[in-house]
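Asker: missing the sequence, but the structure's below:
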């Protein structure tokens, strides 16, 4: 069984920055304090793997400020703006390589000031499948911008060719798509997706409160969730035509917790606007209207403020390690349990308590459901 997990990263933005900084941080804390530091993690160890056992062996991006840089420098390059967990991180020999552009960047992003502008490097894309094979990568985590359908399909094809597992953290439906899921199952390659669910984020909060209505016998009649942020993800999502799958993913994540989904005109969930000065902070405004005992109305108003990218990094670390455990056990295809626990749009939805129990059973070497 391999001691380390050889990881490739597609998209070296804020989420990748938080993930890679976090791997170095938890590894250092463990070595420095001689104990397993678990604050901020759902699991410090999964199977034989601690966070520090994940090693980045390949990275892809298209941004002119990142392509050609080593990973330890690229994660801090503009337009990344997430808060530092650990800076600097240990030096890396891995250089960020040029991916196909395709639809991986929205056209309007070139019109913004330097700090937010996103322009592709003027170099030829590499053969991603070859890079994955040559690097010995076992798992690729996909962090492309929302709406990158063709760019994601290109990297998925490269993963299938190279025999590499996929952890798809964005709302392009791959693992929850029967065609793509079937390709991974046919090759016995485990995969996890789609669209990562943050540790304490808008979706998990909304799902939990929705489930509370159901389990306490109240009726939910209408709800909205409005999100604003200042990172390049929110800038990218100003192009509304890139949002179709994102709105589906977030809405279904909440609707799945109800015995009967709300009518379409009684639920609104999705990104609302881009506010540059709040950077990687994400602010969620949530309202729920319903009825309790005797049909008496009740309302919930909530405001959640989080640093967006670190909020998903610990969840991604669990998804990556469960994927590696599945590889060690020769289990292929979509991983139902960890997908339901960590993703907004998994192949099958469960309540979060059910999904958590399924993950614990999987980790303890019981059969994947």
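Answerer: Yes, it's here. Keep in mind that this is a model prediction, so the values were computed, not measured.

Asker: Could you use CA atoms for every contact and neighbour count after this?
Answerer: Will do.

Asker: List the contacts of residue 80.
Answerer: Counting by C-alpha atoms under 8 Å, 6 or more residues apart in numbering, residue 80 touches 13-14, 17, 231-232.

Asker: got a list of contacts for the host helix or strand of residue 59?
Answerer: For residue 59, the enclosing helix or strand under DSSP states H and E is strand 54-61. Contacts to strand 54-61, defined as C-alpha under 8 Å, 6+ apart, come from residues 4-12, 20, 23, 67, 71, 94-99, 131-132, 135-137.

Asker: try it again with 6 Å
Answerer: Contact with strand 54-61 is made by 4-12, 96-99, 135, as judged by C-alpha atoms under 6 Å, 6 or more residues apart in numbering.

Asker: got the residue ranges for the helices in the stretch 251-369 of the chain?
Answerer: 310-328, 336-342, 352-363 (DSSP state H, counting those that start in this stretch).

Asker: buried set for the longest one?
Answerer: Neighbour-count burial for helix 310-328 flags 310-327 (criterion: 16 or more other C-alpha atoms under 10 Å).

Asker: That helix versus strand 54-61: what angle between them?
Answerer: Helix 310-328 runs at 110 degrees relative to strand 54-61, counting by axes from the mean of the first three to the mean of the last three C-alpha atoms, to 10 degrees.

Asker: got the contact list for helix 310-328?
Answerer: 18-19, 41, 198-199.

Asker: Using TSV, lay out those together with neighbour count, pLDDT and secondary structure.
Answerer: Converted to TSV, these look like this (neighbours: other C-alpha atoms under 10 Å; pLDDT from 0 to 100; DSSP: H, G, I helix; E, B strand; the rest coil):
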residue	neighbour count	pLDDT	secondary structure
18	25	98	helix
19	24	98	helix
41	16	93	coil
198	23	96	coil
199	21	96	coil
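
Asker: now these in JSON lines, with distance to residue 333?
Answerer: Output for the contacts of helix 310-328, formatted as JSON lines (distance: C-alpha to C-alpha, whole Å):
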{"residue": "18", "distance to residue 333": "27"}
{"residue": "19", "distance to residue 333": "24"}
{"residue": "41", "distance to residue 333": "25"}
{"residue": "198", "distance to residue 333": "23"}
{"residue": "199", "distance to residue 333": "25"}
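
Asker: so the worst-scoring helix or strand of the chain on mean pLDDT versus strand 54-61, what angle?
Answerer: In the chain, no helix or strand scores lower on mean pLDDT, DSSP states H and E than helix 14-33, which sits at a mean of 88. Angle, helix 14-33 to strand 54-61, by the same axes, to 10 degrees: 160 degrees.

Asker: Counting by contacts, list what helix 14-33 packs against.
Answerer: Where contact means 3 or more C-alpha pairs under 6 Å, 6 or more residues apart in numbering; DSSP states H and E, helix 14-33 is not packed against any helix or strand.
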